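Undergrad: got a predicted structure plus its sequence, pasted below:
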Amino acid sequence: MSEAVLEHGAKTPGREALVEDWSRDKQVFGVPWGKAMMWIFLLSDTFIFSCFLVGYMMVRISTTDPWPNPSEVFALDAFGVPVPLLLIAIMTFILITSSGTMALAVNMGYRKDRKKTFWLMVATAVLGASFVGMQAFEWTKLISEGVRPWGNPFGAAQFGSSFFMITGFHGMHVTAGVIYLLVVAFRVKNGFYERRGGNYEIVEIAGLYWHFVDLVWVFIFAFFYLW
Amino acid sequence: MAADGTQHPLKIYWIMWSALFVLSTFSYLTDFMDRGLLRHFLILLFMLAKAGGIVWIFMHMGWERIALKLAILGPPVAILVLIGLMSLEGHYVEGSRVEHYGESTMEVETPGHH
């Protein structure tokens, strides 16, 4: 891998570097194949989430019924006062915190500090799991108030289907990410990568996935909860 | 990447991390504004700032070569076309629904806080 990187001259400026990389009759991207594949997977995932969000936009625009006000639907009582989007805000901050611990884990991985990498990844996974737990709470609350994929008491029926589909698919990604992170974390801990030449790129690749999950939440938060 | 980008100091992560907290707080505060052009502009502004920071710093895209940058960040631009088309179509569908079936007569409840 280090050879491939050295061959891709790091100093060549913008457009010339682009031409150079594509016209070399060799592998184009000067990154480990696992990383390139993860990026391409994330690109395809971007299109899936975009289709969901565009579909949500379409039904929200085209319905004649009033759209339920998310800041009222997702309000929670704190000390007797309804605070809009309280739980959603907490979930947002939890996910950002987990992105920070993940970024540090990647850095510690490249420093071959296995202990810190392990604990930072475990912290990331625990934060991710708590995010999913809060989402389960949110779903339970909405279902108990009568929100269903085919209708709800607060307005347009499409609200429920968009909500369950978009947050459900995102929650599934978080759950998969938690499992993925734990697998990699324990392999870092037990020396699995040490026996394979001490290469910790896998931590960065898992990190890409995790940051992507946070990235998708940024868009869901803006378009579904705030808009 | 390994040659030039993996060992950068931790400082940039701390800055990015704090910036994400601040921007998220601002995003959340837009919820207390009235719905309108300014609110929607600010929602998009904070969203794009957060997304840019995550991709550029946390996902290390800023340190990648331009071939990878374009291959990954170029295609999603096409989604803007889909957004534009579906927005036109959505407004047309809403208009024809109102024309043929009339305005909504739905009675809605205000969400209770429990």
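TA: Nice, thanks for sending it over.
Undergrad: can the helix or strand where B:Leu38 lies be found next to chain A?
TA: B:Leu38 belongs to helix B:37-53 when assigned by DSSP states H and E. Yes - using CB under 8 Å from any CB of the partner chain, helix B:37-53 reaches chain A at B:His40, B:Ile43, B:Leu44, B:Phe46, B:Met47, B:Lys50, B:Ala51. The C-beta positions use only the backbone N, C-alpha and C, and glycine is treated the same way.
Undergrad: which secondary structure elements does the helix or strand that A:Met37 is a member of contact?
TA: Using DSSP H and E, A:Met37 falls within helix A:33-62. The contact analysis (3 or more CB pairs under 8 Å, 6 or more residues apart in numbering or on different chains; DSSP states H and E) places helix A:33-62 against helix A:158-189, helix A:201-220, helix B:66-73, helix B:79-101.
Undergrad: with adjacent residues omitted, what lies nearest to A:Thr64?
TA: B:Ser104 (4.3 Å; CB to CB, 6 or more residues apart in numbering or on different chains).
Undergrad: assumed the one you found was part of a helix.
TA: No - under DSSP: H, G, I helix; E, B strand; the rest coil, B:Ser104 falls outside any helix and is assigned coil.
Undergrad: hmm, it is touching A:Ala157, no?
TA: No - using CB atoms under 8 Å as the test, B:Ser104 is too far from A:Ala157 to be in contact (11.2 Å).
Undergrad: domain ranges for chain A, per the record?
TA: Listed domain ranges for chain A are A:1-30, A:33-226 (source: automatic domain parsing).
Undergrad: mean pLDDT lowest where, among the helices and strands packed on helix A:33-62?
TA: For these, the weakest mean pLDDT is recorded on helix B:66-73, namely a mean of 91.
Undergrad: that one and chain A in contact?
TA: Yes - counting by CB under 8 Å from any CB, chain A is contacted by helix B:66-73 at B:Ile66, B:Ala67, B:Leu68, B:Leu70, B:Ala71, B:Ile72.
Undergrad: helix A:33-62 and that helix, what's the angle between them?
TA: Helix B:66-73 and helix A:33-62 are oriented at 30 degrees to each other (axes from the mean of the first three to the mean of the last three CA atoms, to 10 degrees).
Undergrad: for helix B:66-73, which residues meet the burial criterion?
TA: Residues B:Ile66, B:Ala67, B:Leu68, B:Lys69, B:Ala71, B:Ile72 are the ones in helix B:66-73 that count as buried (16 or more other CB atoms under 10 Å in any protein chain shown).
Undergrad: for the closest residue to the fifth one other than its chain neighbours, grab phi and psi.
TA: If you skip the residues right next to it in sequence, B:Ala71 has A:Phe29 as its closest partner in space, 7.4 Å away by CB to CB, 6+ apart. As for A:Phe29, its main-chain torsions (degrees, to the nearest 10) stand at phi -90, psi 120.
Undergrad: list the contacts of A:Phe29.
TA: With contacts defined as CB atoms under 8 Å, 6 or more residues apart in numbering or on different chains, A:Phe29 is in contact with A:Asp21, A:Ala36, B:Arg65, B:Ala67, B:Leu68, B:Ala71.
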